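A.B. asks: turn this into a structure:
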Amino acid sequence: MTYEIFLSPRAKKQYKGFDRHIRDEIRPQLLALENDPHGKGNIIKGRKSELHYIKMAHAGVQYRAVFDIAKSKKEVSVIFIGSRENFYKELRRFMN
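C.D. replies: Residues are numbered from 1 along each chain as shown. Predicted coordinates for the structure are as follows:
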């Protein structure tokens, strides 16, 4: 049951903004969503409860990626990626 991973334009821009060594660390964690996106992520609490997130780390810095799962299409859409610092504040601003 393999899912296809897509990055939204916003997530793609955020991903490309990271240094290469950070991208190299985050990429496999995002690709791991292909096999079991429900088992890898947690549901975001609040009004956007259909969204999930995963926690990632590199060199002591915490990162988060928010994604949506389309079960019928077998797709995972990563919509927002960033460091933990101010992540949820930036996510709220993006979602409004």
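A.B. asks: give me the secondary structure label for the residue positioned nearest the centre of the chain.
C.D. replies: By CA atoms, centre = their mean, the chain has its centre lying nearest to Ala65, at 2.3 Å. Using DSSP: H, G, I helix; E, B strand; the rest coil, the three-state assignment for Ala65 comes out as strand.
A.B. asks: so what's it closest to, chain neighbours aside?
C.D. replies: Leaving out its chain neighbours, the residue that sits closest to Ala65 by CB to CB, 6 or more residues apart in numbering is Ile81, at 4.6 Å. No exception for glycine: its C-beta is placed from N, CA and C like everyone else's.
A.B. asks: if we can go back for a sec, who's in contact with the residue nearest to the centre of the chain?
C.D. replies: Applying CB atoms under 8 Å, 6 or more residues apart in numbering, one finds that Ala65 lies in contact with 11, 26, 29-30, 53-54, 56, 78, 80-81.
A.B. asks: among those residues, which ones are in helices?
C.D. replies: Counted as lying in helices by DSSP state H, out of the contacts of Ala65, are 11, 26, 29-30.
A.B. asks: would you point out the most distant pair within those?
C.D. replies: For the ones in helices among the contacts of Ala65, the farthest-apart pair by CB to CB is Ala11 and Gln29; their separation is 13.5 Å.
A.B. asks: between the two, who's got more neighbours?
C.D. replies: When Ala11 is set against Gln29 and neighbours are counted by other CB atoms under 10 Å, the residue ahead is Ala11, at 20 against 16.
A.B. asks: low-confidence stretches in this structure?
C.D. replies: 1, 47-49 (pLDDT under 70).
A.B. asks: mind running it again at 80?
C.D. replies: Counting by pLDDT under 80, the chain contains low-confidence residues at 1, 46-49, 96.
A.B. asks: how about the helices in it?
C.D. replies: Assigned by DSSP H, the chain shows helices spanning 9-17, 20-31, 37-40, 87-95.
A.B. asks: can you check which of the ones you listed gets nearest to Val61?
C.D. replies: Of all these, helix 20-31 sits nearest to Val61, with 8.0 Å by CB to CB.
A.B. asks: returning to what we had before: which one, of the helices of the chain, ends up nearest to Gly46?
C.D. replies: helix 87-95 (8.9 Å).
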